[in-house]
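Colleague: I would like the atomic coordinates for the input below:
(one chain, ligands or ions: 1)
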Amino acid sequence: MDQFIIEGGVPLRGTVRISGSKNAALPIMAATLLAPGVYRIHNVPRLRDVRTMAHLLRIIGAKVEFEDHTLQIDTSRADFPEAPYELVKTMRASIYVLGPLLARMKRARVSLPGGCAWGPRPVDLHLRGMEKLGAHLELDRGYIVARTDGLKGATIYLDVSSVGATGNIMMAATLARGTTIIENAAEEPEIVDLGHFLQRMGARIQGLGSKTIRIEGVEALHPTDYTIIPDRIEAGTFLVAGLITGGQVTLTHCQPDHLQEVLAKLQEAGAQLRIDRDTISLTASDRIRPTHVTTAVYPGYPTDMQAQWIALMALAEGSSVITDTIYPDRFTHVPELQRLGADIILKNNSAFVRGVKKLKGAPVMSTDLRASASLVLAALAAEGQTEVLRVYHIDRGYERIEEKLQQLGARIQRIDDGKLY
Ligand code: UD1
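Modeller: Numbers count the residues shown, from 1 in each chain. Sure, this is the predicted structure:
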């Protein structure tokens, strides 16, 4: 299993190119099941989760080729509507094939994802949404077995503004008879991107980026080419890397509009920012100011940037409180950050962080994707050497993170069974 060896204490300097968004690419890949034919999707990040979704599409019968950052997906012969447990348990976003399979093939057999390192993470809203659209669902040996004679538009109120449920229902509704209205829909940029992709396929969707999305079902959709939006969480992570190391970093190919709350918090914490159309430059000041953060649905502060913020606040001059309202149990990084010397007390869904003067390197373990990112950030700022074990978690969502960090001057190396890369 790969690990990172990081020698901390180097202020990061330089320019880094932000990759395409993982959380937009995954549902868009699933959406190619809605109409047979050949799609070319550009700016796709080269990540483990993208490879997992490609694998799933191949099981369903699609041909998928990945060249540089362009995916070519041919769904002409996709006709096996199944998502096996072996894949779904490694990537929950596999559930995104449920809506497209039901809409196009009228049946689907998709494994329930099961537990997650940071809490129960139910998919009940996805399932209820499909039922509202006229699907019949049963549970068989851990699989959702879904059938329909033809989906019909419905008004669906989401109790929680779920990103995944909004995407899944939106995809299914594109081919349903009549009008679907999703109330309390997710406004996240990745859902807007999925919506734009579906519109390019011929779907009739209004209200993207608002709480009410209206979909008029159409008879058929058609393949299209598309370019994925930049990854706002990768961008946010690299900005924190600049600030936590006292450096100066410039991001290119990013979308500052999608990062407004994170940028505001970075400024509160002492960063100087210069923002252009698709670049952001950050210059750190000589100290990190304590800054409270509460996660919320978009445009609030993202839960996917919560762990990174705790790492930053671990070195702030003073105390801060970081609260996660989206995933109250998403704190597996805290005991690992404590191994590096962070002073954090967890109470319910809040981390009370008292900034320390320095962190000290130690072996730590990745537990999930963003938790791993927070450990890498802390290690970059820590004195001495940190070994971050099980970095396969980070490879799920960050493209070549060690190479991008090396480009900024970081001393980070990947080793595999004791062998340096
Ligand atoms: C997506 C992102 C993930 C991010 C999360 C919140 C992808 C592939 N993943 O995950 O990185 O952290 O949004 O921004 O895009 N909920 C239910 N029932 C459901 C579905 C969700 O109760 O059926 C709850 C969840 O437990 C959670 C909240 O809704 O408390 C938000 O989850 P959701 O927006 O669905 O997250 P994901 O789409 O799984």
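Colleague: for the ligand, see how far away residue 241 is.
Modeller: Here residue 241 is placed at a distance of 19 Å from the ligand (C-beta to the nearest ligand atom, to the nearest Å). All C-beta atoms are positioned from the backbone trio N, CA, C, and that covers glycine.
Colleague: SS state for that residue?
Modeller: helix (DSSP: H, G, I helix; E, B strand; the rest coil).
Colleague: need the pLDDT of it.
Modeller: Looking at residue 241, its pLDDT reads 98.
Colleague: so it touches residue 235, yeah?
Modeller: No - counting by C-beta atoms under 8 Å, residue 241 does not reach residue 235; the two are 10.7 Å apart.
Colleague: show me what from the chain comes close to the ligand.
Modeller: With C-beta under 6 Å from any ligand atom as the criterion, the chain meets the ligand at residues 23, 26, 92-93, 121-126, 160, 162-165, 190, 303-304, 326-327.
Colleague: is it possible to mark the buried ones in these?
Modeller: Neighbour counting with 16 or more other C-beta atoms under 10 Å marks 23, 26, 92-93, 123, 125-126, 162-165, 190, 303-304, 326-327 as buried within the residues of the chain next to the ligand.
Colleague: let's see which of the residues of the chain next to the ligand end up in helices.
Modeller: 23, 26, 124-126, 163-165, 190 (DSSP state H).
Colleague: quick one: average pLDDT of stretch 8-27?
Modeller: 98.
Colleague: from start to finish, how long is it in a straight line?
Modeller: Terminal residues of stretch 8-27 are spaced 37 Å apart (C-alpha to C-alpha, to the nearest Å).
Colleague: please name the bridge partners of the nearest residue to residue 127 once chain neighbours are set aside.
Modeller: Spatial nearest neighbour of residue 127, chain neighbours left out: residue 137 (5.8 Å); criterion: C-beta to C-beta, 6 or more residues apart in numbering. Here residue 137 sits in beta bridges with residue 146, going by DSSP bridges.
Colleague: so residue 137 is in contact with residue 126, correct?
Modeller: No - judged on C-beta under 8 Å, residue 137 makes no contact with residue 126 at a distance of 10.1 Å.
Colleague: OK, contacts around whichever residue of the stretch 151-300 of the chain sits closest to the ligand?
Modeller: For the stretch 151-300 of the chain and the ligand, the shortest gap (C-beta to the nearest ligand atom) falls at residue 164, measuring 2.8 Å. Contacts for residue 164 (C-beta atoms under 8 Å, 6 or more residues apart in numbering) come out as 92-93, 95-96, 123, 125-126.
Colleague: farthest-separated two in those?
Modeller: 93 and 125 (14.7 Å; C-beta to C-beta).
Colleague: how about low-confidence regions in the stretch 301-421 of the chain?
Modeller: 417-421 (pLDDT under 70).
Colleague: now the helices: where do they sit in the stretch 1-150 of the chain?
Modeller: Secondary structure of the stretch 1-150 of the chain (DSSP state H, counting those that start in this stretch): helices located at 22-31, 48-60, 85-88, 98-105, 124-132.
Colleague: from what I can see residue 113 touches residue 98, true?
Modeller: No - in this structure residue 113 lies outside contact range of residue 98 using C-beta under 8 Å: 11.0 Å.
Colleague: quick one, which of these two is more surrounded?
Modeller: When residue 113 and residue 98 are compared for neighbours, residue 98 comes out ahead with 29 against 20, by other C-beta atoms under 10 Å.
Colleague: roughly how far does that one sit from the ligand?
Modeller: 11 Å.
Colleague: which residue packs closest to that residue, ignoring adjacent ones?
Modeller: Nearest residue to residue 98, sequence neighbours excluded (C-beta to C-beta, 6+ apart): residue 110, at 4.9 Å.
Colleague: do the same with residue 193
Modeller: In this structure, residue 193 finds its nearest non-sequential neighbour in residue 24, 4.1 Å apart by C-beta to C-beta, 6+ apart.
Colleague: was I right to think that neighbour contacts residue 196?
Modeller: No - here residue 24 does not reach residue 196: they are 9.5 Å apart, not a contact under C-beta under 8 Å.
Colleague: more neighbours, the two?
Modeller: More crowded of residue 24 and residue 196, by other C-beta under 10 Å: residue 24, with 29 against 19.
Colleague: and residue 294, how many neighbours does it have?
Modeller: Residue 294 is flanked by 15 other residues according to other C-beta under 10 Å.
Colleague: ok but it is inside a helix, no?
Modeller: No - counting by three-state DSSP, residue 294 is not part of a helix but strand.
Colleague: OK, contacts around it?
Modeller: Residues counted as contacts of residue 294 (C-beta under 8 Å, 6+ apart) are 300-301, 322-325.
Colleague: considering these, which possesses the most neighbours?
Modeller: Neighbour counts for those, by other C-beta under 10 Å, peak at residue 301, which reaches 26 neighbours.
Colleague: that residue and residue 259: what is the separation?
Modeller: According to C-beta to C-beta, to the nearest Å, residue 301 stands 10 Å off from residue 259.
Colleague: which phi and psi values does the closest residue to residue 332 other than its chain neighbours adopt?
Modeller: Closest residue to residue 332 apart from its sequence neighbours, by C-beta to C-beta, 6+ apart: residue 367 at 3.9 Å. Here is the backbone geometry of residue 367 (degrees, to the nearest 10): phi -120, psi -30.
Colleague: what is the burial count for residue 367?
Modeller: By other C-beta under 10 Å, 19 other residues sit near residue 367.
Colleague: likewise for residue 219?
Modeller: Neighbours of residue 219 using other C-beta under 10 Å come to 7.
Colleague: point out where the stretch 1-150 of the chain drops to low pLDDT.
Modeller: Along the stretch 1-150 of the chain, the model assigns pLDDT under 70 to residues 118.
Colleague: can you rerun that using 80?
Modeller: Low-confidence segments of the stretch 1-150 of the chain (pLDDT under 80): 114-120.
Colleague: what bridges to residue 252?
Modeller: Beta-bridge pairing of residue 252 under DSSP bridges involves residue 17.
Colleague: that one is in contact with residue 19, isn't it?
Modeller: No - under the criterion of C-beta under 8 Å, residue 252 makes no contact with residue 19, lying 11.1 Å away.
Colleague: looking at these two, which is more packed in?
Modeller: More crowded of residue 252 and residue 19, by other C-beta under 10 Å: residue 19, with 26 against 14.
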